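S.K.: sequence? don't have it. structure:
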């Protein structure tokens, strides 16, 4: 049971730190060729711009390193380790 909790906690932390959102930075272009009302050829092109902002920290990194969240972080870790 403890191994399951620890592995799920590690998986959650990795998922939160590695996720990126580029959904709003994509452009879609669709071209359709029709003859006599029948679709002959359809082309879809998806172009995404992937940029990483330098100097912007994720919430989890800021939460773990900022002094104003230090007490919450310590109390949360104590609570998690007590209940393992």
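M.R.: Cool, got the structure. Quantities reported herein were computed from a predicted structural model and do not represent experimental measurements. Numbering: from 1, shown residues only.
S.K.: Could I get the full set of helices for this protein?
M.R.: Secondary structure of the chain (DSSP state H): helices located at 2-18, 59-65, 70-82.
S.K.: What distance do you get for residue 45 to residue 34?
M.R.: Taking CB to CB, to the nearest Å as the measure, residue 45 falls 18 Å from residue 34. No exception for glycine: its C-beta is placed from N, CA and C like everyone else's.
S.K.: and the closest residue to residue 48 other than its chain neighbours, how many neighbours?
M.R.: Spatial nearest neighbour of residue 48, chain neighbours left out: residue 26 (4.2 Å); criterion: CB to CB, 6 or more residues apart in numbering. Residue 26 has 11 neighbouring residues, counting by other CB atoms under 10 Å.
S.K.: quick one, what contacts residue 26?
M.R.: Neighbour list for residue 26: 46, 47, 48, 49 [criterion: CB atoms under 8 Å, 6 or more residues apart in numbering].
S.K.: first to last residue in stretch 14-26, what's the distance?
M.R.: End-to-end distance of stretch 14-26 (CA to CA, to the nearest Å): 25 Å.
S.K.: go on, stretch 46-57?
M.R.: Stretch 46-57 has an end-to-end distance of 28 Å (criterion: CA to CA).
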